[in-house]
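Asks: Here is my input; please provide its structure:
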Amino acid sequence: MAELWKGAPAAAALTEKLAVQAAALRQAGVVPALAIVRVGERPEDLSYERGAVKRCEKVGIAVKRFILSEDASQEELTALLRKINGTPEIHGCLLFRPLPRHMDESAVCAALSPAKDVDGITPGSLASVFSGDRLGYPPCTAQSCMELLDYYGYDLTGRRAVVIGRSLVIGRPAAMLLLGRNATVTLCHTRTADLAAECRRADVLIAAAGKAKVIGADHLAPGQVVIDVGINVDEDGSLTGDVDFAAAQDVVRAITPVPGGVGAVTTTVLARHVLEAAARASGLTLPE
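Replies: Numbers count the residues shown, from 1 in each chain. Model (predicted):
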């Protein structure tokens, strides 16, 4: 039976550390603050927003919400982002995506300052992830995969890692983060020839294909660690990952559950990025 790598204990341990860092910033006269920018009322955005606000409050980060209607113009949104860029009391910004179809998402993201982009959506932040210079912030979900591996004591050096999914939100940045930890990385997708064979070679498998239970027993091998980033709704209306959990738990060494795995860590990573941004903007060093 596979070991269950739950996100809650990893998030709790990181939250405890972040609360100490936030207190140190406040003692130095800096109130770390996150701007949440939302266009419309998508249920998934509202759910994540509630989790982010709760996590920030627990850590000691102030949250300012900026809500625009679904029919807001692109000019309104970019003007708001530029205002946030120029507000020194705001250290990080979370912009919910996808944006309404009448907006050019790439152009909107480019309007946000990389210094305040705490979820890795700007070209500057993504360039930092790919160059490895650590000046920008990686997307929170991709970084959450690394946090889970760290919390459960998994050393990536020399390991073979396979990432399924090539989006700029998870797949590609996750591959770069793994490479930065000295793993040997193969980036796959649903059109990879003999995907199952590629997956079976992995020591660490990160599934971010966005398709329910696309990874079955034939993709898995004994001893593997599986990080399931997928959030899908199955035929019964239940949340499920990209991995067939029932098939995997009798094969692999460890697996993250869905829900309760990677997703539980993302808001904590977001909070950490806000604290790092606040420290950089103030010329301070966070306590370890």
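Asks: What residues does Ala217 make contact with?
Replies: Taking Cβ atoms under 8 Å, 6 or more residues apart in numbering, we find Ala217 in contact with Asp244, Ala247, Ala248, Val251. C-beta coordinates here come from the backbone N, C-alpha and C atoms, glycine included.
Asks: Swap in 10 Å and give it another go.
Replies: Neighbouring residues of Ala217 by Cβ atoms under 10 Å, 6 or more residues apart in numbering: Ala196, Val243, Asp244, Ala246, Ala247, Ala248, Asp250, Val251, Val252.
Asks: So which of those belong to helices?
Replies: Ala196, Ala246, Ala247, Ala248 (DSSP state H).
Asks: farthest pair in those residues?
Replies: With Cβ to Cβ as the measure, no two of the ones in helices among the contacts of Ala217 lie farther apart than Ala196 and Ala246, at 17.3 Å.
Asks: what's the next secondary structure element after the helix or strand of the chain with the lowest mean pLDDT?
Replies: The weakest-scoring helix or strand in the chain, judged by mean pLDDT, DSSP states H and E, is strand 232-233 (a mean of 86). Counting by DSSP states H and E, the next helix or strand C-terminal to strand 232-233 is strand 239-240.
Asks: circling back to that earlier point, quick one: the least confident helix or strand of the chain to chain centroid distance?
Replies: Mean-position distance between strand 232-233 and its chain equals 18 Å (Cα atoms, centre = their mean, to the nearest Å).
Asks: From Leu179, how far out is Arg272?
Replies: Look at Arg272 and Leu179: by Cβ to Cβ, to the nearest Å, they are 21 Å apart.
Asks: do Ala24 as well
Replies: For Ala24 relative to Leu179 (Cβ to Cβ), the value is 32 Å.
Asks: Helix, strand, or coil at Val226?
Replies: Secondary structure assignment for Val226 (DSSP: H, G, I helix; E, B strand; the rest coil): strand.
Asks: As CSV, the ones in helices among the contacts of Ala217 with pLDDT, neighbour count and distance to Thr285 would be great.
Replies: Shown next, in CSV, are the ones in helices among the contacts of Ala217 (pLDDT from 0 to 100; neighbours: other Cβ atoms under 10 Å; distance: Cβ to Cβ, whole Å):
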residue, pLDDT, neighbour count, distance to Thr285
Ala196, 97, 13, 47
Ala246, 94, 11, 47
Ala247, 94, 16, 47
Ala248, 96, 24, 42
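Asks: ok, back up a step: and the least confident helix or strand of the chain, what does it pack onto?
Replies: strand 239-240 (3 or more Cβ pairs under 10 Å, 6 or more residues apart in numbering; DSSP states H and E).
Asks: Tell me the helices and strands packed up against the strand it packs on.
Replies: Packed next to strand 239-240, using 3+ Cβ pairs under 10 Å, 6+ apart, are strand 232-233.
Asks: Neighbouring strands - and their directions - for the strand it packs on?
Replies: Here strand 232-233 is paired, per DSSP bridges, with strand 239-240 (antiparallel).
Asks: Tell me which of Arg272 and Leu179 has more neighbours.
Replies: A direct count of neighbours by other Cβ atoms under 10 Å for Arg272 and Leu179 places Arg272 higher, at 23 against 16.
Asks: ok, now which ones touch the more buried one?
Replies: Applying Cβ under 10 Å, 6+ apart, the residues near Arg272 are 14-15, 17-18, 21, 59, 61, 118, 137, 140, 143, 147, 286.
Asks: got a markdown table for those, with distance to Trp5 too?
Replies: What follows is these, written out as a markdown table (distance: Cβ to Cβ, whole Å):
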| residue | distance to Trp5 |
| --- | --- |
| Leu14 | 14 |
| Thr15 | 17 |
| Lys17 | 19 |
| Leu18 | 20 |
| Gln21 | 25 |
| Val59 | 23 |
| Ile61 | 26 |
| Val118 | 25 |
| Tyr137 | 24 |
| Cys140 | 18 |
| Gln143 | 16 |
| Glu147 | 11 |
| Leu286 | 26 |
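Asks: Select from the residues you listed every entry located in helices.
Replies: Judged by DSSP H, helices contain the following of those: Leu14, Thr15, Lys17, Leu18, Gln21, Val59, Cys140, Gln143, Glu147.
Asks: Among those residues, which one sits closest to Val39?
Replies: Cys140 (19.0 Å).
Asks: Which single one of the contacts of Arg272 is nearest to Gly153?
Replies: Distance to Gly153, by Cβ to Cβ, is smallest for Glu147 among the contacts of Arg272, at 12.2 Å.
Asks: residue ranges with poor pLDDT in the stretch 1-150 of the chain?
Replies: Applying pLDDT under 70 to the stretch 1-150 of the chain flags no residue at all.
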